[in-house]
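J.: Prediction below, plus the sequence it came from.
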There are 2 protein chains.
Amino acid sequence: MNLGSRPQILITNDDGIHASGIKALIEAAKPFGDLLVVAPDKPQSGMGHAITIHDPIRLSKDNSYSGVEAYACSGTPVDCIKLGIYELLGRKPDLILSGFNHGENSSTNVLYSGTMSAAIEGAMEGVPSFGFSLADYAPDANFTAAQHYAQKLLAHFFIKGFESSICLNVNIPKLPLEQIKGIRFCKQAHAYWADRFDKRQDQFGRTYYWLTGEFADLDQRPDTDLHALKEGFVSVVPTHFDLTAHGHLPYFKSWENEI
Amino acid sequence: MNLGSRPQILITNDDGIHASGIKALIEAAKPFGDLLVVAPDKPQSGMGHAITIHDPIRLSKDNSYSGVEAYACSGTPVDCIKLGIYELLGRKPDLILSGFNHGENSSTNVLYSGTMSAAIEGAMEGVPSFGFSLADYAPDANFTAAQHYAQKLLAHFFIKGFESSICLNVNIPKLPLEQIKGIRFCKQAHAYWADRFDKRQDQFGRTYYWLTGEFADLDQRPDTDLHALKEGFVSVVPTHFDLTAHGHLPYFKSWENEI
């Protein structure tokens, strides 16, 4: 961080630049630094860590947020981070914030989430990053508690800091502020979507499918994000981008002599 | 696995159902079981762990591979896995194979890769899964060495097995078979794309951007996938879907008393 100047904060989301979640995050982040907003021009939920390779990407100035430089981007949340750093700022920001997502990104949802992929991309760039999600899908969800806890975490981050190769996956339960019990730092729960497809016919009699399903929590450990959320806490999972199953390496090392 | 019957193998990729890579993988996998192919109807590189939420998905029977049931899917590689399991098979297959990707998916590329996301989705479903990539982007790349090493690994898998919550990220170097030194089981290297955007003007004078960049290997450890590939080995990284930075949890636990 450049001492003496205000921190440069890059903000994105995956619900699109006009979602009320990013509006609430911009308000919460304003006291902490100079903001640059680069966010998708349309909803990009479920985009995971997608990047745009085969198509050109367009940026257009957006004047929705007074006093804040903002751009709508035709690409994915990860594209927004890359464009913010390499094209608009020309340097790494001091902090990257992604959210507030409309809907929870706990457990293995981190892998599907455009919100969290933007934060993980930040960590890959060596910039401390937060992904914030509220466990409420409603377009007009109340972000008061989310703003409160985001500001608490940001204030503490600016005092204590954390290693820039990780990011924080923050989920806020759908509860009034006064009913939230506090913050728990925890592990990503082992849960998954037991998927189903609605099989339907279009007007020409051709079959199509809609993805649906139910979330199955297989994890009985008390220190997971799903458990914390159920108990009424804000969950925070320190998240990295090393997918190596280190504990399994010794087993496979023996294969080297067998194959 | 149902003893006495042939293993059910689900195959996908991210370059599309007619890429020569998936054709080569189908040939290599045929001796090992009954194949069901569900692959994108168009290239889906860089799609990461994207899923299709806002659009219907279509499947159409594809007769390109004689004796093999195959479907082209309008969705992403992860959609293909979900449809294969929940709609077409109605049960979990014994094995999921994704590839051969045209191009390397070593290091942090695992996060952007549609090929590897399909394998990770397999692991999330509790099915042993492999993602195979050849370090050659050419549409007419030579997959002889890739087929040789895929068959070696599959033969060993059917003898030894591995825990179904992980998948293997297999990368084959761009070398003639006789020059490849063997197989190394290794860690995901810490490397990243130092991105750049080509800024251009369209015929109406409007700006657009193309993503480009150079790959920067920051990792000096000798036991990484990038190192193994440079030395002429096939690299195999056991890969899981727990993104928790477990080593950082104790540090953040102290925040709980401070915030």
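T.: That came in fine, so what should we check first?
J.: So what touches stretch A:198-212?
T.: Residues from elsewhere that reach stretch A:198-212 (Cβ atoms under 8 Å, 6 or more residues apart in numbering or on different chains): A:195-197, B:51-53, B:56-59, B:79, B:82-83, B:87. Just so you know, the C-beta spots here come from the backbone N, C-alpha and C atoms, and that holds for glycine as well.
J.: which ones are touching A:Ala70?
T.: A:Ile17, A:Leu36, A:Val37, A:Val38, A:Ala39, A:Lys61, A:Asp62, A:Asn63, A:Ser64.
J.: Look up which helix or strand it falls in, please.
T.: strand A:69-73 (DSSP states H and E).
J.: now check the helix or strand following that strand, is it near chain B?
T.: Next helix or strand after strand A:69-73 toward the C-terminus (DSSP H and E): helix A:77-83. Yes - residues of helix A:77-83 contacting chain B under Cβ under 8 Å from any Cβ of the partner chain: A:Val78, A:Asp79, A:Lys82, A:Leu83.
J.: Could you check how far the second one is from A:Ala123?
T.: Right, A:Asp79. From A:Asp79 over to A:Ala123 the distance is 17 Å, taken as Cβ to Cβ, to the nearest Å.
J.: where do the strands sit along the stretch 151-259 of chain A?
T.: For the stretch 151-259 of chain A, the strands defined by DSSP state E, counting those that start in this stretch cover A:167-172, A:183-185, A:191-201, A:207-217, A:234-239.
J.: Run through the stretch 51-200 of chain A and note the low-pLDDT ranges.
T.: Scanning the stretch 51-200 of chain A for pLDDT under 70 picks out nothing.
J.: returning to what we had before: quick one, which of the contacts of stretch A:198-212 are buried?
T.: A:Asp195, A:Phe197, B:Ile51, B:Thr52, B:Pro56, B:Ile57, B:Arg58, B:Leu59, B:Asp79, B:Lys82, B:Leu83, B:Glu87 (16 or more other Cβ atoms under 10 Å in any protein chain shown).
J.: Checking the last one next. Helix, strand or coil?
T.: When the structure is split into helix, strand and coil by DSSP: H, G, I helix; E, B strand; the rest coil, B:Glu87 lands in helix.
J.: my guess is it contacts A:Phe197, does it?
T.: Yes - assessed by Cβ atoms under 8 Å, B:Glu87 is found in contact with A:Phe197 at 5.0 Å.
J.: Name the nearest residue to A:Lys82, sequence neighbours excluded.
T.: The spatial neighbour of A:Lys82 that comes closest, neighbours along the chain excluded (Cβ to Cβ, 6 or more residues apart in numbering or on different chains), is B:Asp195 at 4.9 Å.
J.: Can you say which of the strands of the stretch 151-259 of chain A is packed in most?
T.: Highest mean neighbour count of those: strand A:167-172, a mean of 28 (counted as mean count of other Cβ atoms under 10 Å in any protein chain shown).
J.: now the angle between strand A:234-239 and that strand, please.
T.: If you take axes from the mean of the first three to the mean of the last three Cα atoms, to 10 degrees, strand A:167-172 sits at 160 degrees to strand A:234-239.
J.: And the contacts of strand A:167-172?
T.: By Cβ under 8 Å, 6+ apart, strand A:167-172 touches A:96, A:99-100, A:104-106, A:110, A:116, A:119-120, A:122-123, A:128-135, A:145-146, A:149-150, A:153, A:162, A:180, A:188, A:225, A:229, A:234-240, B:243.
J.: hang on, the earlier thing: now tabulate the strands of the stretch 151-259 of chain A in JSON lines and tack on distance to B:Cys73.
T.: What follows is these, written out as JSON lines (distance: least, Cβ to Cβ, whole Å):
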{"stretch": "strand A:167-172", "distance to B:Cys73": "30"}
{"stretch": "strand A:183-185", "distance to B:Cys73": "39"}
{"stretch": "strand A:191-201", "distance to B:Cys73": "11"}
{"stretch": "strand A:207-217", "distance to B:Cys73": "9"}
{"stretch": "strand A:234-239", "distance to B:Cys73": "30"}
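J.: For B:Ile166, find the nearest of the ones you listed.
T.: strand A:191-201 (14.2 Å; Cβ to Cβ).
J.: sorry, back to before: close enough to count as contact, the residue nearest to A:Lys82 and B:Phe215?
T.: No - B:Asp195 is not in contact with B:Phe215 according to Cβ under 8 Å; the separation is 10.1 Å.
J.: Compute the number of surrounding residues for A:Asp55.
T.: The number of residues packed near A:Asp55 is 11, by other Cβ atoms under 10 Å in any protein chain shown.
J.: now it: how far from chain B?
T.: To chain B, A:Asp55 is 9 Å away according to Cβ to the nearest Cβ, to the nearest Å.
J.: Sort out which residues of the lengthiest helix in chain A are buried, please.
T.: If you go by DSSP state H, chain A has its longest helix at helix A:144-160. For helix A:144-160, a neighbour-count test (16+ other Cβ under 10 Å) marks A:Ala145, A:Ala146, A:Gln147, A:Tyr149, A:Ala150, A:Leu153, A:Leu154, A:Phe157 as buried.
J.: In CSV: those, plus distance to chain B.
T.: Output for the buried residues of helix A:144-160, formatted as CSV (distance: Cβ to the nearest Cβ, whole Å):
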residue, distance to chain B
A:Ala145, 15
A:Ala146, 15
A:Gln147, 15
A:Tyr149, 9
A:Ala150, 12
A:Leu153, 7
A:Leu154, 11
A:Phe157, 9
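J.: which of those residues sit farthest apart?
T.: Comparing the members of these, the greatest separation, given Cβ to Cβ, is between A:Ala145 and A:Phe157, at 18.5 Å.
J.: circling back: relative to B:Asp79, how far out is the residue nearest to A:Lys82?
T.: 27 Å.
J.: Next: A:Val237.
T.: 26 Å.
J.: try A:Met116
T.: In terms of Cβ to Cβ, A:Met116 sits 19 Å off from B:Asp79.
J.: Check A:Thr144 too.
T.: 36 Å.
J.: Could you find the closest non-adjacent residue to A:Val37?
T.: Here the residue nearest A:Val37, using Cβ to Cβ, 6+ apart, is A:Ala70, at 3.8 Å.
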